[in-house]
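Asker: What follows is a protein structure lacking sequence information:
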């Protein structure tokens, strides 16, 4: 599959490197950016062309799929015309920052007959797959609780590095929308849909930004289980991504994609997992996307999955603003 990339920042660079290395499976054709000099710099590293706009990229007959690596609030504006131009689309997380924008992508996907995936590479880690398989097989029994935590530190310079960072209009939120959306997606994938949330948020360690750097939410899942989501970029020295699922017959606790406790009945499955994939998980998701498009099936992570994660994030924000429980839309 022949790819183009929209956006030449850090994440665009990651996708460019991964695609360029997928010899025989994928080919990087061009990089698009309104800053043509930046596009040319990234394109030059991988021996492909640079173009000065997404529209120019979409007009090319030698591009089958595009990867959207723009600020979150621009995802739908880039993805919808790509789909209308007949391209398959990979969207970096989150799918966008409003449900209306997410629904525009989903509608364009349906009308075009092309495939869309939203990057959620942690779903491709071996530990997540094993825990998901155990839950689906009923090995953990009735699920009773699920928690997800992202405990990170981002210096003030992180938010100062781009005018769009830390804004509602382009970032769509703070620690939860950008860093926490990964574990929100994992929790939904393991525990199922959410019935209601109650949340608090705050801006506790940064300045000159509009969004939160710390948020916590209590959750009631549709299956009756209870849970919690916590996300922070205000935890100095923090570098932990933790997901835990408990049932009446077993549990799984995973830190940074490594199982620290995975017990099913009397069996301890904690040992023996392959090392975490890291950036290779991105490649695994891209490979699944390519295979799905060729086979005419849905990718493992769909646009609907991206919408569900966004819906829960927005419900948590609404609850934090209003002080009342909220049901995700």
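Answerer: Good, I have the coordinates. Model, not experiment: these values are computed from the prediction.
Asker: what sits opposite residue 88 in the beta ladder?
Answerer: Under DSSP bridges, the beta-bridge partners of residue 88 are residue 65.
Asker: which ones are touching it?
Answerer: When contacts are counted by Cβ atoms under 8 Å, 6 or more residues apart in numbering, residue 88 touches 1, 64-66, 114-116, 289, 293. Backbone N, C-alpha and C define where each C-beta goes, glycine included.
Asker: Name the nearest of those relative to residue 190.
Answerer: Closest approach between the contacts of residue 88 and residue 190, by Cβ to Cβ: residue 289, at 21.6 Å.
Asker: how near is residue 231 to residue 324?
Answerer: 20 Å (Cβ to Cβ, to the nearest Å).
Asker: of the two, who's got more company?
Answerer: Ranked by neighbour count (other Cβ atoms under 10 Å), residue 231 and residue 324 place residue 231 first, with 33 against 10.
Asker: wait, what's in contact with that one?
Answerer: For residue 231, the contacting residues are 149-150, 175-176, 179-180, 183, 214-215, by Cβ under 8 Å, 6+ apart.
Asker: Identify the bridge partners of it.
Answerer: Applying DSSP bridges to residue 231 yields these beta-bridge partners: residue 150, residue 215.
Asker: Okay, and residue 4 sits in which element?
Answerer: For residue 4, the enclosing helix or strand under DSSP states H and E is strand 2-6.
Asker: Please list the residues outside the helix or strand just after that strand that contact it.
Answerer: The element immediately downstream of strand 2-6 (helix or strand, assigned by DSSP H and E) is helix 10-20. With contacts defined as Cβ under 8 Å, 6+ apart, helix 10-20 is touched by 3, 5-6, 26-28, 31, 33, 42, 45-48, 67, 69, 90, 92, 279, 282-283, 286.
Asker: Can you tell me which of the residues you listed are classed as buried?
Answerer: When neighbours are counted using 16 or more other Cβ atoms under 10 Å, the contacts of helix 10-20 contain these buried positions: 3, 5-6, 26-28, 31, 33, 42, 48, 67, 69, 90, 92, 282-283, 286.
Asker: Among the residues you listed, which ones are in strands?
Answerer: Within these, membership in strands is found for 3, 5-6, 27-28, 31, 67, 90, as judged by DSSP state E.
Asker: Residue 53: which of the contacts of residue 231 is nearest?
Answerer: Using Cβ to Cβ, residue 179 is the member of the contacts of residue 231 that lies nearest residue 53, at 29.9 Å.
Asker: ok, now which ones touch the nearest residue to the closest one once chain neighbours are set aside?
Answerer: Residue nearest to residue 179 in three dimensions, not counting chain neighbours: residue 150, with 4.9 Å by Cβ to Cβ, 6 or more residues apart in numbering. Applying Cβ under 8 Å, 6+ apart to residue 150 gives the contacts 175, 179-180, 182-183, 230-232, 240-241.
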